[in-house]
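Colleague: my questions concern the predicted model and sequence given below.
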Amino acid sequence: MSHRFGNVSVNMRSDLWLHHRPLVVLLGPTAVGKSRIATHVAKHFDTDVLAADSRQVYRGMDIGTDKPTAEERRRVPHRLIDLVDPGETFNAGWYRRVALVEIERLYSEGRLPFIVGGTGLYIRTLVRGLCPAPQADPHVRAGLKKLKDERGREGLYAELMRVDPETAARLHPNDESKVTRAIEVYRLSGRPLSAVQAEHGFHETPFSALLIGLERRKDILYRRIEERIDWQLTHGMVEETRSLLGQGYGRELGSMKGLGYRQVGAYLAKECDYDEMVRRFKRDTRRFAKRQMTWFRSEAEVKWLSIEDNEPYERTAERVIARIEQFVSVIGQRKQLATMLHVS
RNA sequence: GCCGAGGUAGCUCAGUUGGCAGAGCACAGCCCUGAAAAGGCUGGUGUCGACAGUUCGAUUCUGUCCCUCGGCA
């Protein structure tokens, strides 16, 4: 596989990686077809798939998160999957930390880090960094929950206006989770989140990143979403949810609020009938895909590849590979030029 | 053919004692720095079935017609 990196020699690779830190990201909305294409691409570059997926990190949530199959994992190692139990907390900060370890490992092996996923924030923490605010703290959150219960959203928002008027101005009073987080940062660090963010500004560029976005016509994507959900429901989605609930993972957990588990959970609690559950599952997933596209469109540097409806996934994979080879080649030429200048 | 009921937003329907047409759902647009498959914000010109009449003014009242769904033939 070493000869695949354009005109970059094997000997240079490790050195090249360390200097230029190339990072390839394959992103796109749910059900666009990332996983299958990614396995193909990763195989080609003899590298691993590093997932950027906030749901596949949970052990035991397999069908509902559309995890890669055993066969796919045998062909290509998939990392950043199955990291925690559904009852444990996981967030963007944790993701970044563990992802960086995997990325460094690949560099040390002279391989190309290849991120694949649809969690926009997680991808951003790699490509542009994360501001050095303190981690989430359960005690502080419990205190803020109490404040909210006693004085409502207005009370919570009033507290934010007191400690961080700038962030308050940016957030809607109803956006409880973000209001809570902003107050939490202030309580833990003594500094308003707005100040920490202003310093950071998402300006870190730790990697030479290539972002490739996969997109499809909206009606086709929506059809694929529905087909996938039908498949999940006939392949154990309900049983998987029942089993998780049976293990004590309640519906209030963040992990259980994910798509599918939330709707099936409501069905199992007899809050709606089966057909209504399916309807909500599909609807909410469509809405999610739409939000993902809104997020990704604002990532200016994404190179979009539009997938035709009847395009075989091998063909798409080839197009992705071509993009990556071009990217690696450009970096290689830059490196060679730098070496020449240095020598002469 | 006759007798009912109905035709208002993509869908289901409400409503206007005649005065700029409104809900739910669906959908669309957007925001996002440790919950991100989460959380939050915003969005309604639609020949009120068609034509005519009454009226200052008709989606609303009257008439005729068309269409849909029941029932009877």
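Modeller: That came through fine.
Colleague: and the one residue in chain A that gets nearest to RNA strand B, how many neighbours?
Modeller: Nearest residue of chain A to RNA strand B: A:G93, at 2.1 Å (C-beta to the nearest atom of the strand). Every residue, glycine included, has its C-beta placed from N, CA and C. The burial count assigned to A:G93 is 14, neighbours taken as other C-beta atoms under 10 Å.
Colleague: and what of A:V278?
Modeller: Taking other C-beta under 10 Å as the definition, A:V278 ends up with a neighbour count of 18.
Colleague: before we move on, what about the one 4 residues further on?
Modeller: Other residues near A:K282 come to 18 when the count uses other C-beta under 10 Å.
Colleague: sec struct for it, please.
Modeller: helix (DSSP: H, G, I helix; E, B strand; the rest coil).
Colleague: just A:A51 next, same as before
Modeller: Secondary structure assignment for A:A51 (three-state DSSP): strand.
Colleague: hey, C-alpha coordinates of the helix or strand where A:I212 lies in PDB?
Modeller: Using DSSP states H and E, A:I212 sits in strand A:208-215. Coordinates of each C-alpha in strand A:208-215 appear next as PDB, following Å, rounded to 0.1, in the frame of the first residue of the first chain:
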ATOM      1  CA  SER A 208      -3.500  20.000   7.600                       C
ATOM      2  CA  ALA A 209      -7.100  18.800   7.300                       C
ATOM      3  CA  LEU A 210      -9.000  17.700   4.200                       C
ATOM      4  CA  LEU A 211     -12.700  17.700   4.800                       C
ATOM      5  CA  ILE A 212     -14.700  15.700   2.300                       C
ATOM      6  CA  GLY A 213     -18.500  16.000   2.600                       C
ATOM      7  CA  LEU A 214     -20.900  13.400   1.100                       C
ATOM      8  CA  GLU A 215     -24.300  14.700   0.100                       C
END
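Colleague: tell me the mean pLDDT over that strand?
Modeller: Averaging pLDDT along strand A:208-215 gives 96.
Colleague: neighbouring contacts of that strand?
Modeller: Strand A:208-215 is contacted by residues A:20-29, A:32-34, A:37, A:123, A:126-127, A:221, A:293, A:296, A:299, A:301-307, A:316, A:320, A:323-324, A:327, A:331 when judged by C-beta atoms under 8 Å, 6 or more residues apart in numbering.
Colleague: next, name the residue at the spatial heart of chain A.
Modeller: For chain A, the residue nearest the mean C-alpha position is A:T119 (2.6 Å; C-alpha atoms, centre = their mean).
Colleague: which bits of the stretch 201-344 of chain A sit near RNA strand B?
Modeller: Neighbours of RNA strand B within the stretch 201-344 of chain A, by C-beta under 7 Å from any atom of the strand: A:201-202, A:218, A:254, A:257-260, A:262, A:280, A:283-284, A:286-288, A:290-292, A:294-295, A:297-298.
Colleague: give me the buried subset of these.
Modeller: Buried subset of these (neighbour count, 16 or more other C-beta atoms under 10 Å): A:258-260, A:262, A:280, A:286, A:288, A:292, A:295.
Colleague: what about the closest residue to A:N174 other than its chain neighbours, how many neighbours?
Modeller: Closest residue to A:N174 apart from its sequence neighbours, by C-beta to C-beta, 6 or more residues apart in numbering: A:R153 at 6.2 Å. When neighbours are defined as other C-beta under 10 Å, A:R153 has 14 of them.
Colleague: show me what contacts A:R153?
Modeller: Contacts of A:R153 by C-beta under 8 Å, 6+ apart are A:173-174, A:176, A:179.
Colleague: correct me if wrong, but it is in a helix.
Modeller: Yes. Using three-state DSSP, the assignment for A:R153 is a helix.
Colleague: check what pLDDT it gets.
Modeller: For A:R153, the pLDDT comes out at 92.
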